[in-house]
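[1] Below is the sequence, then the predicted model.
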Amino acid sequence: MADPAGDDLPDFLTHYYRDKPFRSLSHLPPGVVAEVLTDMAATRTLDFRLTRDEYIPQRRRIEQEMRQQFVAKGGRPRLSAPHYAILGTFSLYDDDPEQRAAIIPLSAVPTDILSFTFTDSYFAFSDTNLRGVPIPSRPYHRQVFRLEELPRLVAEYGLPGERWRSEEDRRFDVYIEAQIWDEEVLQPYLHG
């Protein structure tokens, strides 16, 4: 049987993390998120996005829209919000000494719990970033894709690669993001 991802696509996902893998603010009740962020800020500088009041509500809206689209395409999510990974790797995170990585073979994740966005989902579903910089609209934005759709997308638009570093109009096309809609498949990777 042919690889549904095609020969040009990486055959693994990378989940980057700092402390423990597959922890998500999206899986916490809204009242607890502020407490967790306060605790995090006590030990390290928070990423810019986590300092913005609008980030978590916008993230939750995006996750709800992604879930609805994924179900409409035949996906069977078991979570209300996904866990995130990247198809292949991302050089910016690879170069960060504080980042750790869990590598997951693509073949280990059933396709009915796996969706993708053709860049970071926040960028794909937003008009501007959190600093107010406009995100150029692309034909593949505001959509989730199944694994079977990726070869066509890559054939038409190419892999994001490193263009975000040198092409101003590609600065938000950073990677292909994977959304994993079940925790059971992640059990082998929870201990970092």
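    Received the coordinates, thanks.

[2] Please count neighbours and contacts with C-alpha atoms only from this point.
    Will do.

[3] Could you point out which residue ranges in this protein have low pLDDT?
    For the chain, applying pLDDT under 70 flags the ranges 1-7, 192.

[4] Please, where are all the strands along it?
    12-17, 83-87, 100-105, 114-117, 177-180 (DSSP state E).

[5] now for these, which one comes closest to residue 142?
    strand 114-117 (8.3 Å; CA to CA).

[6] just to revisit the earlier point, adding mean neighbour count and distance to residue 138, write the strands of the chain out as TSV.
    What follows is the strands of the chain, written out as TSV (neighbours: other CA atoms under 10 Å; distance: least, CA to CA, whole Å):
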stretch	mean neighbour count	distance to residue 138
strand 12-17	20	23
strand 83-87	23	19
strand 100-105	18	28
strand 114-117	26	12
strand 177-180	25	15
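
[7] got CSV for these, with distance to residue 36 too?
    Output for these, formatted as CSV (distance: least, CA to CA, whole Å):
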stretch, distance to residue 36
strand 12-17, 16
strand 83-87, 18
strand 100-105, 20
strand 114-117, 27
strand 177-180, 23
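
[8] Longest helix in this protein, please.
    Longest helix in the chain, counting residues (DSSP state H): helix 55-72.

[9] Now do it: which elements does it pack against?
    helix 121-124 (3 or more CA pairs under 8 Å, 6 or more residues apart in numbering; DSSP states H and E).
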